[in-house]
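> Kindly return the folded structure for what I paste below:
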Amino acid sequence: MKEVMSLDGKALELINIIDHLVNWGDSAFERIRLDKWKILAKRIMAASGSDLQEFIHNVTKDIAGDKVTMSEEIGRKIENLLKQTGTIEQQIELLKYVKRRAYPLVIRYMVTVKT
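Numbers count the residues shown, from 1 in each chain. Here you go, the predicted structure:
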């Protein structure tokens, strides 16, 4: 039986995907790494996109330009999130949810990553 992720769980997974797409270890990010979480939250709130893939692209491009990490693992996470959201309407609902709660979601995600 397929496990359905809650909207909150999907939101945290979306932030996880974006975080892992950005190559934070690149020397070009040396100065902004201290404000990583604030920058991530602000870019999520400001980003647009008509679906999840466009939103992920826009946020990642906004933060990283071409300094992006590509991996099969990230690809699988994106594919899984797309399957979990299903319709475009569900994707838009998730995007609205994430944008309205960017700071608390990023803080919650940050805590899970640091522990």
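> going forward, measure contacts and count neighbours with C-alpha atoms only.
Will do.
> which residues in this protein form strands?
With DSSP state E as the criterion, the chain has no strands.
> List the contacts of the closest residue in space to V98 that isn't next to it in sequence.
Spatial nearest neighbour of V98, excluding adjacent residues (Cα to Cα, 6 or more residues apart in numbering): A11 at 5.8 Å. Residues near A11 by Cα atoms under 8 Å, 6 or more residues apart in numbering: 94-95, 97-98, 105.
> quick one: which of those is nearest E30?
Of all those, E30 sits closest to L105, with 24.0 Å by Cα to Cα.
> so that closest one sits right up against L12, yeah?
Yes - between L105 and L12 a contact is recorded at 6.6 Å, counting by Cα atoms under 8 Å.
> are any of the contacts of A11 buried, and which?
By neighbour count, with 16 or more other Cα atoms under 10 Å, the contacts of A11 hold 94-95, 97-98, 105 as buried.
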